[in-house]
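Colleague: All I have is the shape, not the residue letters:
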Ligand code: 173
């Protein structure tokens, strides 16, 4: 259908423009349905499908069971999937600098206003053939969760589940690291192959990890980025109305990032009710923890590209 109308449009010398037929995008999420980091995506998809009748629809073909989280970047890059809900930490194989998004201290709204959005979009387009549509997750920090207590910012002797998000930080603090997709955390905890895991403030109870978790280490660090990315050929084939619809939808869902500090509080209360105790690092240990997060985080980006690290730092942390 799409190809036929494109050929017709070319033959007739008209552009698809605002008159393109309704297009259905194939969507996928790297987070399981009904969990914290899939909810904003679901809200976005529902908004698009409600507001985009006759223009554009999104059909979510599956979650992490359909496309493994560390492969979803490839799937969008190659066009197997048109649009994905995914954190940049899952596609560092294609865009290592994407890991800088967690280092943002400002919001996506700030980044749209100061030009950072264009820089991040340009990197995504050039390095992985995707359009960077936008970001959820602002205002949600990451934490370390443990089955054994620690007394200081020292992770030596502990085996910790990570993703690229926590890797540089936890390694510098002496942790022994194993990388897994979220779907493998429960079994690793149950079997005792890990002593803890990095994860955001939200979502610990979603997959039952609270049953195996004894402690949350505070303070949190970094800021979650769960991004919406679109295959660039798909994007370039859309008409203006279709692009505008996606952009309106993403800005609508981004406005909901403001709810996150309240949701974090609710999640901490649920963690406490589930028996998860808080270990709060203070004084010099807190400093060491937070300094390791920031310095090791930026050092890892600079090791990829000093130039991009400098540009990203200038607009993500102002
Ligand atoms: O821990 C993770 O799997 C991870 O990197 C992440 C990032 C953003 C949201 C949730 C998890």
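Modeller: Sure thing, it's come through. Worth saying up front: this structure is predicted, and the values here are computed from it rather than measured.

Colleague: Remind me which helix or strand residue 230 belongs to.
Modeller: According to DSSP states H and E, residue 230 maps onto strand 226-231.

Colleague: May I have the strands that pair with that strand, each with its orientation?
Modeller: Partner strands and pairing direction for strand 226-231 (DSSP bridges) are strand 83-86 (antiparallel), strand 130-136 (antiparallel).

Colleague: does any part of stretch 164-180 sit near the ligand?
Modeller: Yes. Applying Cβ under 6 Å from any ligand atom, one finds stretch 164-180 touching the ligand at residue 165. Glycine gets a C-beta too; all of them are placed from N, C-alpha and C.

Colleague: List the buried residues in that stretch.
Modeller: 164-173, 175, 177, 180 (16 or more other Cβ atoms under 10 Å).

Colleague: What's the first helix or strand after the strand holding residue 230?
Modeller: Past strand 226-231, the next helix or strand by DSSP H and E is helix 232-236.

Colleague: just how off-centre is whichever helix or strand comes after that next one within its chain?
Modeller: For helix 232-236, the succeeding helix or strand toward the C-terminus, using DSSP H and E, is helix 240-255. Distance, stretch centre to chain centre, for helix 240-255: 18 Å (Cα atoms, centre = their mean, to the nearest Å).

Colleague: Stretch 294-313 too?
Modeller: What separates the centre of stretch 294-313 from the centre of its chain is 18 Å, taken as Cα atoms, centre = their mean.

Colleague: That one near the ligand at all?
Modeller: No. Using Cβ under 6 Å from any ligand atom, stretch 294-313 stays clear of the ligand, with a minimum separation of 12.8 Å.

Colleague: Which positions in that stretch come out as buried?
Modeller: Counting neighbours by 16+ other Cβ under 10 Å, the buried set in stretch 294-313 is 296, 297, 298, 300, 301, 302, 304, 308, 309, 311, 312, 313.

Colleague: Now residue 125: closest residue in space, sequence neighbours ignored.
Modeller: residue 232 (5.7 Å; Cβ to Cβ, 6 or more residues apart in numbering).

Colleague: How many residues are close by that neighbour?
Modeller: Around residue 232 there are 19 other residues, counting by other Cβ atoms under 10 Å.

Colleague: helix/strand/coil for whichever residue of the stretch 201-318 of the chain sits closest to the ligand?
Modeller: The ligand sits closest to residue 224 of the stretch 201-318 of the chain, with a gap of 4.7 Å, by Cβ to the nearest ligand atom. Put simply, residue 224 is coil when judged by DSSP: H, G, I helix; E, B strand; the rest coil.

Colleague: Can you pull the phi and psi angles for residue 153?
Modeller: With angles defined as degrees, to the nearest 10, residue 153 sits at phi -80, psi 50.

Colleague: Hmm, residue 292 and it touching each other?
Modeller: Yes. Under the criterion of Cβ atoms under 8 Å, residue 153 makes contact with residue 292 at 7.0 Å.

Colleague: Show me which of those two is the more surrounded one.
Modeller: Comparing residue 153 with residue 292 by other Cβ under 10 Å, the one with more neighbours is residue 153, at 22 against 19.
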